[in-house]
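> Sharing a model that was predicted from the sequence below.
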Amino acid sequence: MTTATREETLGFQTEVKQLLHLMIHSLYSNREIFLRELISNAADACDKLRYAALDNDALYEGDSELRIEIEHDQEAGTVTVRDNGIGMSRDEVIANLGTIARSGTAEFLKQMSGEQQKDARLIGQFGVGFYSGFIVADEVTVRTRKAGTGYGEGVEWRSRGEGEFSVADIERPLHGTEIVLHLKEDAKEFADDYRLQSLVRKYSDHIEVPVRMPRIETAKDDEGNEVEGSEVTTWETVNEAMALWVRPKTDVSDDEYQAFYKHIAHDFSDPLTWSHNKVEGKLEYTSLLYVPGRAPFDLYERDGARGVKLYVQRVFIMDDAEQFLPLYLRFIKGVLDTRDLSLNVSRELLQQDPKVERIKSALAKRSLDMLKKLAKDTEAYQTFWNTFGSVLKEGPGEDHSNRDRVAELLRFSTTHTDSATQDQSLADYVSRMKEGQQTIYYIVADSFNAAKSSPHLEIFRKKGIEVLLLSDRIDEWLMSHLTEFDGKKFADVAKGDLDLGDVENEEEKKAQEETAKAKEELVNRVKDALADEVQEVKVTHRLTDSPACVVLPEHEMGFQMRRIMEAAGQPLPEVKPILELNPEHALVARLEATEGEGFVDLARILLDQAIIAEGGHLDDPAAYVRRLNALLSA
């Protein structure tokens, strides 16, 4: 039992009662943060002693094993956080604990040389973390003695957080600091072994100083009964005390990387790949990023949990720090540890800061480089693409600066394989382009089979020109932002005039012009018959087997996107299609020879069939069936 002498009661500096009330009730949104703050302060005290002892080893007082200890007393309703760090003198106690927002750590950092500051692992910068104890405690007692001073120079500080504190001299054999929280009635949950251990592992698992808690072991007799009076208390280290990401890459095995991923991602499967990187210079941070092997359940919920785990000097700050990766990379998991960020005073939120944007840009490039490296393993990358490909397709529209990097990583189905598996890159397509071909052709449809069987592909298949087959819901949006690749522009084969460039020879073009002139009368008749339903009618040379197809103007929204927008309740102006007729087809020849009402019905049948082949929906399906039945029974 310590005997207090020279006790005096002092007032806090500044309008403390109101400020304390604000801090206790408004500053921190999560009550459990108090343990993180107290452990951080204790770790700082241990680091301060370690640096001071470099010049004077006697400061350890024969106890150089730096540690933090946490105890609780459920009956008394107390939690005690103890360290054997540098401790404080009476003047320092009054200065540091009697002045809100005075940071002893900040003062200590000012006194250190540049290189020492760079190496220091000090965490506390605001001087308010200590007062977070009042969130859960109605009284806080601090006992401390500065290392290197006499046993009689201990100090006891007490306060109920109501505007006053008391300071007294005590006898204290141990150097360092002990903080006793007398818990409020509604905070007694924290006087629990399991609760405290879980908080240490959540927030302070990677603090370098070991955090220990007592474990009581009892001997048992031959029958398994506990032997009364045999209780022995041992101290168990609760935290890992070594952050894997701060270790050199050469010292970390693949098994350790994989185990760490499973720990932070709560995933039982191995990651596909990872990237461990330390940046020094204007910005200093360490990142460890992973590409998962399987998708989380909320991958397509743009408001779902995502982002990296944010640490500042190994202290856990935020679980899903989404500010550091663009939305299209929301599948990336990992850790970011930095001292360069502007946190708000409670360290729970990030302030607006250009550094955040610079780190975000750097991590985005790092992630894309990681995927580019993964792409060299065809099988592994195909696993990634099948899982996350449609999310990565959001990239060109959201991240203009990395559009080319994302484009290299995209995979598509094409007419080269006619397979639904999206496994062909744009670089593969370009390498197979015909001589004279300057355009990358694609078609968008509601399904792979609809794209593969589209009449628009007939001339391309005849000439052996490859076409990208796009059927994901995001594809048309993607292509509106992906304008070129490797100097080659993209063209939708279902929009605008067909231009095969140098792939067509002059003789073919001349023959097409002559055919168009010969069919001018037919084109005008069909245009008159379908005046209210089409924008234009023309002869086409893009068809070989089908009688007709519908085409949209070059810059008009595609059929697939229109259907998606309309299904979402978005009103869109009506757009009439262009009907193109195949002059070589028997049905077109029959149409040309038909007169009267039969001509109108057959023209409407050809238009309706072209719309159906495009994946569209008819306004009056019954009328189409009636006309078709009449044609079949004629």
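Cool, got the structure.

> How far off centre is the one helix or strand residue 512 maps to?
Element membership for residue 512, per DSSP states H and E: helix 506-518. Centroid displacement of helix 506-518 relative to its chain, using C-alpha atoms, centre = their mean, to the nearest Å, is 55 Å.

> State the mean pLDDT of the very next helix or strand once past that helix.
Next helix or strand after helix 506-518 toward the C-terminus (DSSP H and E): helix 520-529. Over the span of helix 520-529, the pLDDT mean works out to 87.

> picking up where we left off before, which other helices and strands contact the helix holding residue 512?
Contact here means 3 or more C-beta pairs under 8 Å, 6 or more residues apart in numbering; DSSP states H and E; on that basis helix 506-518 packs against strand 536-539. Every C-beta, even on glycine, is put in place using the N, C-alpha and C of the backbone.

> Give me the buried positions along stretch 391-408.
Within stretch 391-408, the residues scored as buried using 16 or more other C-beta atoms under 10 Å are 391-397, 399, 402-403, 405-407.

> Over to stretch 562-570?
Using 16+ other C-beta under 10 Å as the test for burial, stretch 562-570 gives 562-564.

> Including distance to residue 272 and secondary structure, could those residues go into CSV?
Formatted as CSV, the buried residues of stretch 562-570 follow (distance: C-beta to C-beta, whole Å; DSSP: H, G, I helix; E, B strand; the rest coil):
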residue, distance to residue 272, secondary structure
562, 36, helix
563, 34, helix
564, 30, helix
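
> Where do the helices of the stretch 251-400 of the chain begin and end?
Along the stretch 251-400 of the chain, the stretches classed as helices by DSSP state H, counting those that start in this stretch are 254-265, 354-374, 378-392, 395-398.

> who does the shortest one touch, helix- and strand-wise?
For helix 395-398, the packing partners by 3+ C-beta pairs under 8 Å, 6+ apart come out as helix 403-409, helix 475-481.

> mean pLDDT lowest for which of those helices?
Comparing mean pLDDT across these, the weakest is helix 475-481, with a mean of 90.

> what does that one contact?
Residues outside helix 475-481 that contact it (C-beta atoms under 8 Å, 6 or more residues apart in numbering) are 393-394, 396-397, 403, 442, 444, 470, 490, 492, 557-558, 560-561.

> Using CSV, write out every CA atom in it.
These are the backbone C-alpha positions of helix 475-481, laid out as CSV (Å, rounded to 0.1, in the frame of the first residue of the first chain):
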residue,chain,number,x,y,z
ASP,A,475,-19.9,-3.9,-71.9
GLU,A,476,-21.6,-1.2,-73.8
TRP,A,477,-20.7,1.3,-71.1
LEU,A,478,-17.1,0.0,-71.1
MET,A,479,-16.8,0.6,-74.9
SER,A,480,-18.1,4.1,-74.6
HIS,A,481,-15.0,4.9,-72.6
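
> Please identify the buried residues of that helix?
For helix 475-481, burial by neighbour count (16+ other C-beta under 10 Å) applies to 475-481.

> C-terminal to it, what's the next element?
Next in sequence after helix 475-481, counting helices and strands by DSSP H and E, comes strand 484-485.

> so how far is the next helix or strand after that following strand from its chain's centroid?
Note on strand 484-485: by DSSP H and E, the next helix or strand toward the C-terminus is strand 488-492. With C-alpha atoms, centre = their mean as the basis, strand 488-492 stands 31 Å off its chain's centre.

> Each with direction, which strands does strand 488-492 pair with?
Strand 488-492 sits in its sheet next to strand 439-444 (parallel), strand 484-485 (antiparallel), going by DSSP bridges.

> Report the buried residues of it.
Neighbour counts using 16+ other C-beta under 10 Å place 490-492 of strand 488-492 among the buried residues.

> what do you get for stretch 358-370?
Residues 359-360, 362-364, 366-368, 370 are the ones in stretch 358-370 that count as buried (16+ other C-beta under 10 Å).

> hang on, the earlier thing: distance to residue 452 for the helices and strands packed on helix 395-398 - can I get that in a markdown table?
Output for those, formatted as a markdown table (distance: least, C-beta to C-beta, whole Å):
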| stretch | distance to residue 452 |
| --- | --- |
| helix 403-409 | 23 |
| helix 475-481 | 14 |
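
> State the mean pLDDT of the longest helix seen in the chain.
The longest helix of the chain (DSSP state H) is helix 33-55. Mean pLDDT, helix 33-55: 88.

> cool, and stretch 267-279?
91.

> In PDB, list the C-alpha atoms belonging to that stretch.
Output of stretch 267-279 as PDB, limited to C-alpha atoms (Å, rounded to 0.1, in the frame of the first residue of the first chain):
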ATOM      1  CA  ASP A 267     -10.900 -16.100 -46.200                       C
ATOM      2  CA  PHE A 268     -10.100 -19.800 -46.100                       C
ATOM      3  CA  SER A 269      -8.600 -20.000 -49.600                       C
ATOM      4  CA  ASP A 270      -5.200 -18.800 -50.700                       C
ATOM      5  CA  PRO A 271      -4.800 -15.500 -52.600                       C
ATOM      6  CA  LEU A 272      -3.900 -15.600 -56.300                       C
ATOM      7  CA  THR A 273      -1.000 -13.200 -55.900                       C
ATOM      8  CA  TRP A 274       0.300 -10.300 -53.700                       C
ATOM      9  CA  SER A 275       2.500  -7.300 -53.800                       C
ATOM     10  CA  HIS A 276       4.600  -6.100 -50.800                       C
ATOM     11  CA  ASN A 277       6.100  -2.600 -51.300                       C
ATOM     12  CA  LYS A 278       7.800   0.000 -49.100                       C
ATOM     13  CA  VAL A 279       7.900   3.600 -50.400                       C
END
